[in-house]
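Q: this one's structure only:
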């Protein structure tokens with residue numbers, strides 16, 4: 001993956017009914033694609049069940065966070081491109 005737009009395209013190819021990057025979903029959380037960055041390389045993360053995944057990491061700015069805007073990270077499995085809950 002080179003950039004966030006390539007990740008989004010691949011996400012919708014693998015998950016045609018996915019809603020993670022839909023305009024309304026992003027708007028609800030106060031996010032914009034223009035504020036998202038795909039970080040270089042992949043990372044190994046453990047999900048809430050303790051399973052380890054190789055993942056792409058995106059940095060995103062959440063504008064509607066209760067304490068004010070903050071930068072957070074989201075992880076997507078390299079093989080399935082499913083969102084990994086940490």
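A: Yep, that arrived. From a predicted model like this one, the values you see are computed outputs, not experimental measurements.
Q: which helix runs longest in the protein?
A: With secondary structure taken from DSSP state H, the chain has its longest helix at helix 4-14.
Q: what's it packed up against?
A: If you count contacts as 3 or more Cβ pairs under 8 Å, 6 or more residues apart in numbering; DSSP states H and E, helix 4-14 packs onto strand 37-38, strand 52-62. C-beta here means a position set from N, CA and C on the backbone, and glycine is covered the same way.
Q: if you set the cut-off to 10 Å instead, what comes out?
A: Contact partners of helix 4-14 among helices and strands, from 3 or more Cβ pairs under 10 Å, 6 or more residues apart in numbering; DSSP states H and E: strand 37-38, strand 52-62, strand 70-77.
Q: note down every partner strand of the helix or strand that comes right after the last one and its orientation.
A: Along the chain past strand 70-77, the next helix or strand (assigned with DSSP states H and E) turns out to be strand 83-84. Partner strands and pairing direction for strand 83-84 (DSSP bridges) are strand 70-77 (antiparallel).
Q: pLDDT (mean, whole number) over the partner strand?
A: For strand 70-77, mean pLDDT is 97.
Q: list the buried residues of it.
A: For strand 70-77, burial by neighbour count (16 or more other Cβ atoms under 10 Å) applies to 74, 75, 76, 77.
Q: can you check stretch 48-66 too?
A: 53, 55, 56, 57, 58, 60, 61.
Q: can you list those in CSV and add distance to residue 44 and pLDDT?
A: Converted to CSV, these look like this (distance: Cβ to Cβ, whole Å; pLDDT from 0 to 100):
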residue, distance to residue 44, pLDDT
53, 7, 98
55, 7, 98
56, 12, 98
57, 10, 98
58, 16, 98
60, 20, 96
61, 24, 95
